[in-house]
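[1] Test case, fold it:
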Amino acid sequence: DELIMNSGTEYHIYTSGAIATTPQMNIYNLNVNSTVKWLGGIDQKVSGNITYGHVEFGTSNTKTLQDDIIVAGNLTISGSAILHTGTNKDIWLAGNWDDNSTAGDPFTETNGSVIFYGIGGQSIDTEAATGETFYNMIINKPLGDVTINDDLTITNNLTFTSGNLRIENNDLIVTDENTI
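    Below is the predicted model:
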């Protein structure tokens, strides 16, 4: 079985049962300009080993990563949804991070990393009053900057492999005995 998504297409994952998971296919061929939307009003398990175009975690409840995920476009957390990185799962992001969920803590980072690897400018935006929090953040960009448009807290390591971080008029907080 193969899931093919062309440029501009959207795939919405809803459920009315217990817990929703990624549809099991042998091949995922998702165009960088396609969008997968996790919109179930129940907890959802998000399988990885898929390169998403754009991905949105929305509506409500918790969306928990079962594997690392790669997002070739933008990642959005919306509605009152919570994105949970599961047990030390990483998010590879080539586009923008847009957290406009109304949940109290819309991103539960556990011990995973958010890796910014896109070519060109990337941004981190959040509606949370306290800003965004990542456990580990890695900037590994051949070109362009990552710009934080709201306060950002790193609770473990901030690693620069290649690329720049633009703080603008916001606070960057690296807590405890962490490495920059």
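[2] For the helix or strand where residue 123 lies, what is the distance to the chain centroid?
    Assigned by DSSP states H and E, residue 123 belongs to strand 122-126. Centroid displacement of strand 122-126 relative to its chain, using Cα atoms, centre = their mean, to the nearest Å, is 11 Å.
[3] Now do residue 164: how many residues are near it, please.
    The number of residues packed around residue 164, counting by other Cβ atoms under 10 Å, is 11. Backbone N, C-alpha and C define where each C-beta goes, glycine included.
[4] on that earlier part again, which of the residues in the strand holding residue 123 are classified as buried?
    Using 16 or more other Cβ atoms under 10 Å as the test for burial, strand 122-126 gives 122-124, 126.
[5] try stretch 80-93
    Of the residues in stretch 80-93, 81-86, 89-93 count as buried by neighbour count, 16+ other Cβ under 10 Å.
[6] ok, residues contacting it?
    Here stretch 80-93 makes contact (Cβ atoms under 8 Å, 6 or more residues apart in numbering) with 38, 48, 57-71, 75, 77, 101-103, 105-118, 122, 135.
[7] Pull out the buried residues from the residues you listed.
    With burial judged by 16+ other Cβ under 10 Å, the buried subset of those is 38, 48, 57-65, 68-71, 75, 77, 101, 103, 106-109, 112-118, 122, 135.
[8] host element of residue 45?
    Under the assignment given by DSSP H and E, the secondary-structure element containing residue 45 is strand 44-46.
[9] Direction included, what does that strand pair against?
    With DSSP bridges as the criterion, the sheet partners recorded for strand 44-46 are strand 20-21 (parallel), strand 62-65 (parallel).
[10] Worst mean pLDDT among these?
    Lowest mean pLDDT of the strands paired with strand 44-46: strand 20-21, a mean of 52.
[11] Flag the helix or strand of the chain with the lowest per-element mean pLDDT.
    Every helix and strand in the chain was compared by mean pLDDT, DSSP states H and E; the lowest is strand 20-21, with a mean of 52.
[12] And the average pLDDT for the longest strand seen in the chain is what?
    Selection of the longest strand in the chain by residue count, based on DSSP state E, yields strand 136-148. Confidence over strand 136-148 (mean pLDDT, whole number) is 95.
[13] Also stretch 151-166?
    93.
[14] What are the buried residues along it?
    Of the residues in stretch 151-166, those scored as buried under the neighbour-count criterion (16+ other Cβ under 10 Å) are 151-156, 158, 163, 165.
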